[in-house]
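A.B. asks: sharing a model prediction with you, sequence too.
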Amino acid sequence: MVSLKRSEWRVLDDAFQMGGGYVLDFSDRTIAEFFEDEFGIEIYQERYGFNGTSKARHVRAFIEVEDAHIVGHVCRRLWKHREGLSSHYTNPAESEAIRSKLFDLLARLEEAEDRPRADAIERFSRDQTLEELVASIEREIHANKPVAALDRLHTYCMKKFGHMLDERGIEWDRAEPLHSRVGRYVKALKTEGELREMSEQIIKNAVGVAEKFNHVRNNKTLAHDNDLINPSEARFIFDSINALLRFIKSVDGARFGS
């Protein structure tokens, strides 16, 4: 997912002239053909319809939900289309300035995508310890140091699953390891409503993942005087736990992050 500031959205709006629901010279038909022919993407599908029905709103939704690399690829191709429109180059200096801002933005987005994602790490309660914990994770991830972040991520998960059990009024022991808390949560979740077969399998796997995460935290991170896990494996583990938290967020609905 791509998260943009207002100033960054203005760069895209200027580049592709998305004011008033328009996108460059495209009609509803031709922009659908453009995305289908160039990328094999159906731009008018429900996935991109949450912002509204106009061309620009579908393109903005696409930018919001897809990863930075596909967004960059599409935006560069849109710019190439713009370059072929002589009517959009009445002021070459202005167009070059817009182009420079656009390509700088895309480079930043793609560089950030190369770091581990921490989008599921949330401040789910008013708690100074949690605030400092999340801030520490964000600092390490921003610095592209997933090895240093793993210990804090484990502590975050301990607090998070304890919080979700508290929200349900389920008793648990602070001495319980992470996988025991996850197991209690999974059992509760399964009794609260129907899960699709695939979702239920992923949730079940969370217990085993949490148990292995205990071992990594205790034996391969800065939690103790350990031989550290290598950075590429640390990133894989961080990304996997973050993806698990994101999945749980989607199935847990309004309760997650309450």
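C.D. replies: Received it, and whenever you're ready, just let me know what you need. Numbering: from 1, shown residues only.
A.B. asks: residue 23: neighbour count?
C.D. replies: 26 (other CB atoms under 10 Å). Heads up, the C-betas are built off the backbone N, CA and C, glycines and all.
A.B. asks: which SS class is residue 135?
C.D. replies: Counting by DSSP: H, G, I helix; E, B strand; the rest coil, the backbone at residue 135 sits in helix.
A.B. asks: per the record, what domains does this protein have?
C.D. replies: Domain ranges of the chain: 6-113, 128-255, per automatic domain parsing.
A.B. asks: the ones you listed: which one's closest to residue 119?
C.D. replies: In terms of CB to CB, the element of these nearest to residue 119 is domain 128-255, at 6.8 Å.
A.B. asks: mind checking how far that closest one is from the chain centre?
C.D. replies: 16 Å (CA atoms, centre = their mean, to the nearest Å).
A.B. asks: same thing with stretch 92-103?
C.D. replies: 29 Å.
A.B. asks: show me which residues of it are buried.
C.D. replies: Applying a neighbour-count criterion of 16 or more other CB atoms under 10 Å, the buried positions in stretch 92-103 are 95, 98, 101, 102, 103.
A.B. asks: do you know the pLDDT at the third one?
C.D. replies: In this prediction, residue 101 carries a pLDDT score of 96.
A.B. asks: which stretches in the protein count as helices?
C.D. replies: Ranges of helices in the chain, per DSSP state H, are 6-16, 28-39, 55-65, 68-83, 92-113, 128-142, 146-167, 178-192, 197-220, 231-252.
A.B. asks: hang on, residue 162 packs against residue 170?
C.D. replies: No. Taking contacts as CB atoms under 8 Å, residue 162 lies outside contact range of residue 170: 9.9 Å.
A.B. asks: what sits against residue 133?
C.D. replies: 152, 155, 156, 159 (CB atoms under 8 Å, 6 or more residues apart in numbering).
A.B. asks: and those residues, which is closest to residue 178?
C.D. replies: Of all the contacts of residue 133, residue 178 sits closest to residue 155, with 9.5 Å by CB to CB.
A.B. asks: how close does the spatially closest residue to that closest one that is not a sequence neighbour get to residue 7?
C.D. replies: Distance criterion CB to CB, 6 or more residues apart in numbering; nearest residue to residue 155, sequence neighbours excluded, is residue 133 at 6.0 Å. In this view, residue 133 and residue 7 are 30 Å apart by CB to CB, to the nearest Å.
A.B. asks: any weak-confidence spans in the stretch 1-150 of the chain?
C.D. replies: Along the stretch 1-150 of the chain, segments meeting pLDDT under 70 span 1, 87-90, 113-115.
A.B. asks: okay, the nearest residue to residue 189 once chain neighbours are set aside: pLDDT?
C.D. replies: Distance criterion CB to CB, 6+ apart; nearest residue to residue 189, sequence neighbours excluded, is residue 203 at 6.3 Å. Looking at residue 203, its pLDDT reads 82.
A.B. asks: so how far is residue 149 from residue 203?
C.D. replies: For residue 203, the distance to residue 149 equals 24 Å [CB to CB].
A.B. asks: more crowded one of these two?
C.D. replies: residue 149 (29 against 20).
A.B. asks: which residue, neighbours along the chain excluded, lies closest to the more buried one?
C.D. replies: Leaving aside its chain neighbours, residue 149 sits nearest to residue 140 (3.8 Å; criterion: CB to CB, 6+ apart).
A.B. asks: surely that neighbour and residue 151 touch.
C.D. replies: No. At 9.5 Å, residue 140 does not count as touching residue 151 under the criterion of CB under 8 Å.
A.B. asks: ok so, going back, okay, the domains of the chain in JSON lines with distance to residue 121 next?
C.D. replies: Listed next are those as JSON lines, based on distance: least, CB to CB, whole Å:
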{"stretch": "domain 6-113", "distance to residue 121": "15"}
{"stretch": "domain 128-255", "distance to residue 121": "5"}
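A.B. asks: relative to residue 120, which of those domains is closest?
C.D. replies: Nearest of the domains of the chain (CB to CB): domain 128-255, 3.7 Å.
A.B. asks: how deep is the nearest residue to residue 99 once chain neighbours are set aside tucked in, by neighbour count?
C.D. replies: Of all residues not flanking residue 99 in the chain, residue 79 sits nearest, at 6.7 Å (CB to CB, 6+ apart). Number of residues near residue 79 (other CB under 10 Å) recorded here: 17.
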